[in-house]
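Asker: have a look at this prediction, sequence included:
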2 protein chains.
Amino acid sequence: MLGDVTGDHPELDAIRVAVSTVIFSLRTAPDGDRLMLSLVRRTRAPHQGSWALPGGWLDPTENLDAAASRTLAETTALKPAYLEQLYTFGDVDRAPTRAIAIVYWALLRSDLVDAQRAASGAPENVEWFDVDELPALAFDHHRIADYALWRLRNKVGYSRIAAGLLPDEFTLTELREVYEAVLGRRLDPSNFRRLLEGSDELIPTESFRTGKHRPARLYRYLASD
Amino acid sequence: MLGDVTGDHPELDAIRVAVSTVIFSLRTAPDGDRLMLSLVRRTRAPHQGSWALPGGWLDPTENLDAAASRTLAETTALKPAYLEQLYTFGDVDRAPTRAIAIVYWALLRSDLVDAQRAASGAPENVEWFDVDELPALAFDHHRIADYALWRLRNKVGYSRIAAGLLPDEFTLTELREVYEAVLGRRLDPSNFRRLLEGSDELIPTESFRTGKHRPARLYRYLASD
């Protein structure tokens, strides 16, 4: 420890601070909507050519939330309304030199992904991957992605987090499909309907989704404030 | 950005990484058991003389969990069985120079606090404070303590986290007193008993707490593995 004039600072040594984001969306696949996350192909060493979570270095002049938004936008052109801090990963051997990663996560509605892509153009080295079919990832990013998925699957059970993947109004079938995509398994439609219709938080509207099927009532979540 | 040979590193600039811990216990106060946290009086600038959360700088050669245990032990001589990462605080203006704090939290049973204090001697500049009567804290530590308390109060409602403050076997009255101390309000004893007796996780034993009151049955939590 070199210390500085206050006697209270460590050596300016080799700990660097990165910010990364796990961003989930529902994307259409041949077998229906699937939960996917956005990855960036690295153009530099280390792990050049590998897929990695979007992110970058923390700038000394910016707050953590701002760094997460900025690095996500710079690498993927995605701008979710809300990013939440998830966990900080800092094992000594997670990167060739000591670097900690403050990890954020976000959910982005599929229609907004498409709109943002149309508006700004998707960077060439960015793709969405099915959470169950991830490629080999750089650093400890597979562990980070697994942790985020585990937290999402836990959280969907007791919160309205699924709403983050849906428009403001949705049918119960659409809501069930979000749960199925997040949980990675089929749910019984009538049990699901019975459970959700009993919720105080889910409000039936007077609107219906029409199309080739029987009209289906639209629901919304009770405003949380 | 100076960059290094890989072109992938930021300037070795002034971001430093600290690890701090919010450690809760139930401590006896004149009006009964109260939820308290352990603070350390700072002996160095900045904020010399102020109370602060126990912690210290991350060593480049140690993992985050190890750093939390080490800095907690060095400052308070406390060694909880389990520390959990809570959140990383990194606002630009939280300290005179840029420093992020990776914050852990822990619960420590009151009898273990006393045992550890007896074994190693409590450092002189460490005290327990009632969460509702905290002194002025250094840096953004009041915000951190408030956040930890908020998370604890939320978590106690849907998890067995209260068990972390109790011996392995306890009476329903003792369990209710833990909930009351954590939540900071009285609970109706018969409602509490009815609610808890219906829990699959709470197992009655064949033992009883005896003393000046009527013998009370001891319970334990179902083993979680």
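Answerer: Yes, it's here. Residues are numbered from 1 along each chain as shown, chains lettered A, B, ... in the order given.

Asker: tell me the SS of the closest residue to A:A106 other than its chain neighbours?
Answerer: Distances taken as Cβ to Cβ, 6 or more residues apart in numbering or on different chains place A:P80 nearest to A:A106, at 3.9 Å, with adjacent residues excluded. No exception for glycine: its C-beta is placed from N, CA and C like everyone else's. Using DSSP: H, G, I helix; E, B strand; the rest coil, the secondary structure recorded for A:P80 is coil.

Asker: isn't A:P80 right next to A:L107, touching?
Answerer: Yes. If you go by Cβ atoms under 8 Å, A:P80 and A:L107 touch, sitting 7.0 Å apart.

Asker: shared neighbours of these two, which are they?
Answerer: A:I23 (Cβ atoms under 8 Å, 6 or more residues apart in numbering or on different chains).

Asker: could you point out which element follows the helix ranked longest in chain A?
Answerer: For chain A, the longest helix by residue count, based on DSSP state H, is helix A:141-156. Following helix A:141-156 in sequence order, the next helix or strand is helix A:172-183 (DSSP states H and E).

Asker: ok, residues contacting the helix or strand just after that next one?
Answerer: Remark: after helix A:172-183, the chain's next helix or strand is helix A:189-197, criterion DSSP H and E. Identification of contacts with helix A:189-197 by Cβ under 8 Å, 6+ apart yields A:L172, A:T173, A:L175, A:R176, A:Y179, A:L202.

Asker: so the fourth one makes contact with A:R185?
Answerer: No. Taking contact to mean Cβ under 8 Å, the distance of 11.6 Å between A:R176 and A:R185 leaves them out of contact.

Asker: the more surrounded of the two?
Answerer: More neighbours surround A:R176 than the other of A:R176 and A:R185, with 21 against 8 (other Cβ atoms under 10 Å in any protein chain shown).

Asker: so where's chain A uncertain?
Answerer: A:1-13, A:157-159, A:224-225 (pLDDT under 70).

Asker: and it, what are its domain boundaries?
Answerer: Here the domain parsing of chain A from automatic domain parsing is A:16-156, A:164-221.

Asker: most tightly packed of those?
Answerer: domain A:16-156 (a mean of 18; mean count of other Cβ atoms under 10 Å in any protein chain shown).

Asker: for it, measure first residue to last.
Answerer: For domain A:16-156, the first-to-last residue distance is 33 Å (Cα to Cα, to the nearest Å).

Asker: and for stretch A:102-116?
Answerer: End-to-end distance for stretch A:102-116, by Cα to Cα: 25 Å.

Asker: for stretch A:184-203, same thing?
Answerer: 26 Å.

Asker: of all the strand elements in chain A, which one is longest?
Answerer: Across chain A, the longest stretch assigned as strand under DSSP state E is strand A:16-29.

Asker: what's that one packed up against?
Answerer: In terms of contacts (3 or more Cβ pairs under 8 Å, 6 or more residues apart in numbering or on different chains; DSSP states H and E), strand A:16-29 is packed against strand A:32-41, strand A:55-57, helix A:64-76, strand A:99-107, helix A:110-120, strand A:126-130, helix A:141-156, helix A:172-183.

Asker: want to throw these into a markdown table with distance to B:R217?
Answerer: Listed next are those as a markdown table, based on distance: least, Cβ to Cβ, whole Å:
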| stretch | distance to B:R217 |
| --- | --- |
| strand A:32-41 | 46 |
| strand A:55-57 | 53 |
| helix A:64-76 | 48 |
| strand A:99-107 | 44 |
| helix A:110-120 | 54 |
| strand A:126-130 | 51 |
| helix A:141-156 | 33 |
| helix A:172-183 | 39 |
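
Asker: so how far is stretch A:96-109 off the chain centroid?
Answerer: For stretch A:96-109, the separation from the chain centroid amounts to 10 Å (computed by Cα atoms, centre = their mean, to the nearest Å).

Asker: make that stretch A:150-167, sorry
Answerer: Worked out by Cα atoms, centre = their mean, stretch A:150-167 lies 11 Å from the chain centre.

Asker: likewise for stretch A:149-167?
Answerer: With Cα atoms, centre = their mean as the basis, the mean position of stretch A:149-167 lies at 11 Å from the chain mean.

Asker: now for the residue nearest to A:A106: which residues touch it?
Answerer: A:P80 neighbours (Cβ under 8 Å, 6+ apart): A:I23, A:L72, A:A106, A:L107, A:L108, A:L112.

Asker: again, but for A:G32
Answerer: Here A:G32 is in contact with A:E177, A:A181 (Cβ under 8 Å, 6+ apart).

Asker: now do 10 Å
Answerer: Contacts for A:G32 (Cβ atoms under 10 Å, 6 or more residues apart in numbering or on different chains) come out as A:L26, A:E177, A:E180, A:A181.

Asker: check A:A106 too.
Answerer: By Cβ under 10 Å, 6+ apart, the contact list for A:A106 reads A:21-25, A:37-38, A:68-69, A:72, A:78-84, A:86, A:148, A:164.
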